[in-house]
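Student: give me coordinates for this.
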Amino acid sequence: MLKLKRLPAAVAAITAAGLLAACSSDPATTATDAGGGGGKTVSIGYSTPVAAQVSAQNLALGLKDATAALNWRLDILDANLSADKQISDVQTMLQQGKAAIGTWTLDAGAAGGAYAQAQAAGVPVVGVNSEGTGITAGVWWQINMCDTPDAPYKQTARLIAEQRPGAKVVVMGGPPVPSIVNNAKCFAEAAKAAGLTVLPQADNTKDNSAGASALASDLLTKHGDVDAFWAYNDSTALGISAAVIQAGLKVSTKGSDGVIVIGANADPDAVEAVRQGRLTGTWDPDGVATGWAVVKAMRDILDKKPAQKIVVKSTWYDGDTIGSYVAPAQRKYTLDSLPLVTTAQ
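Tutor: You can find the predicted model right below:
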């Protein structure tokens, strides 16, 4: 997803519905007061890195559903991949008197000043897959975590090793955003630990299927015996899949022969590709649950509870499990029944 106007710190986004519009809410208003109907309506804001991406649109859906359940007001501002615009958006939300702000940070260093302003105003900042000075609490996708033995990309490495011991693997990363860089590193290290041969990394900095396809075609020419590709997102994985098929090879499904191609985000096109056998599998980070988790973190902070680190469970879908996939719009959650891996300080 991206062509950053200014780099560092994360990816993904959200549809910009219910945008701007003047609003006034007292940052001191608690979630409990609002929920009881006796206080002011809690107004919150979210800064999305780029509102056009599917996974971000899913996150927006979760935000909308959760705020509707609490009778809160929500504004989503689109940074459109500009760190400067994101900083301006945070400052706008502070001027509007938001009770809490959520953000998927594009540049942690640059955003620090704006977050410090929020802290000084007593407005909590909930970061999505983001960390840095001024962030009060974090909500993380499990696929962006690498600190436990069952971390998704460690599982992926073991899956490949079980199907193809000693397999030759290409790691295809993306733009040099911290979360992408860290995920590629997590998988590469896990792959080596699983006995796989990790070929030189290629990065799809164009962040689109066409760019990934061109890279994969070159790699298939140089390494005709490659066994697997790990891709940082589904758009990249689909580009790889197209190159594999164009080269007269087949994509491995359900442990069959062919080239293993693994993506992430469970975008609609990727889900369909798994069903059709054009993609080995994809990790679903559950953007809808992530939106709910951001609101949960805000509610808890406004209710004076300790700030928490929330990790939203990611689910692996391949040819064997794709039948259980539920479309994002059909996922129904509550603030107290979210698919969380852990909630810890």
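
Student: hmm, Pro124 is touching Thr136, no?
Tutor: Yes: here Pro124 lies in contact with Thr136, judged by CB atoms under 8 Å, at a distance of 4.0 Å. Backbone N, C-alpha and C define where each C-beta goes, glycine included.

Student: so what does the host helix or strand of Ala118 touch, helix or strand wise?
Tutor: Using DSSP states H and E, Ala118 sits in helix 108-120. Counting contacts by 3 or more CB pairs under 8 Å, 6 or more residues apart in numbering; DSSP states H and E, helix 108-120 is packed against helix 83-95, strand 125-128.

Student: about what we covered before: ok, Pro124 and Thr136, which is more surrounded?
Tutor: Each of Pro124 and Thr136 has its neighbours counted (other CB atoms under 10 Å); Pro124 has more, 23 against 19.

Student: how near is the more buried one to Lys98?
Tutor: Distance, Pro124 to Lys98, using CB to CB, to the nearest Å: 10 Å.

Student: could you pull out the helices for the chain?
Tutor: Under the criterion DSSP state H, the chain carries helices at the ranges 31-35, 54-70, 83-95, 108-120, 152-163, 178-193, 209-222, 234-246, 268-276, 287-302.

Student: mind listing what Lys185 touches?
Tutor: By CB atoms under 8 Å, 6 or more residues apart in numbering, the contact list for Lys185 reads Cys146.

Student: make it 6 Å
Tutor: Shown in contact with Lys185 (CB atoms under 6 Å, 6 or more residues apart in numbering): no residues.

Student: need the per-residue pLDDT for the closest residue to Ala228 other than its chain neighbours.
Tutor: Nearest non-adjacent residue to Ala228, counting by CB to CB, 6 or more residues apart in numbering: Ile260, 3.7 Å away. Each residue has a pLDDT score; the one for Ile260 is 98.

Student: ok, how many other residues are close to Ile260?
Tutor: Ile260 has 25 neighbouring residues, counting by other CB under 10 Å.

Student: quick one on the thing from earlier: in TSV: the helices of the chain, plus distance to Val169.
Tutor: Output for the helices of the chain, formatted as TSV (distance: least, CB to CB, whole Å):
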stretch	distance to Val169
helix 31-35	46
helix 54-70	24
helix 83-95	33
helix 108-120	30
helix 152-163	6
helix 178-193	5
helix 209-222	11
helix 234-246	12
helix 268-276	19
helix 287-302	27
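
Student: distance to Trp316 and mean pLDDT added to those, as TSV?
Tutor: Shown next, in TSV, are these (distance: least, CB to CB, whole Å; pLDDT from 0 to 100):
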stretch	distance to Trp316	mean pLDDT
helix 31-35	34	48
helix 54-70	16	95
helix 83-95	31	96
helix 108-120	29	94
helix 152-163	7	97
helix 178-193	14	95
helix 209-222	21	97
helix 234-246	13	97
helix 268-276	10	97
helix 287-302	16	98
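
Student: return the most buried member of the ones you listed.
Tutor: Highest mean neighbour count among those (mean count of other CB atoms under 10 Å): helix 287-302, with a mean of 27.

Student: can you state the direction angle for it and helix 54-70?
Tutor: 50 degrees (axes from the mean of the first three to the mean of the last three CA atoms, to 10 degrees).

Student: alright, calling it a day.
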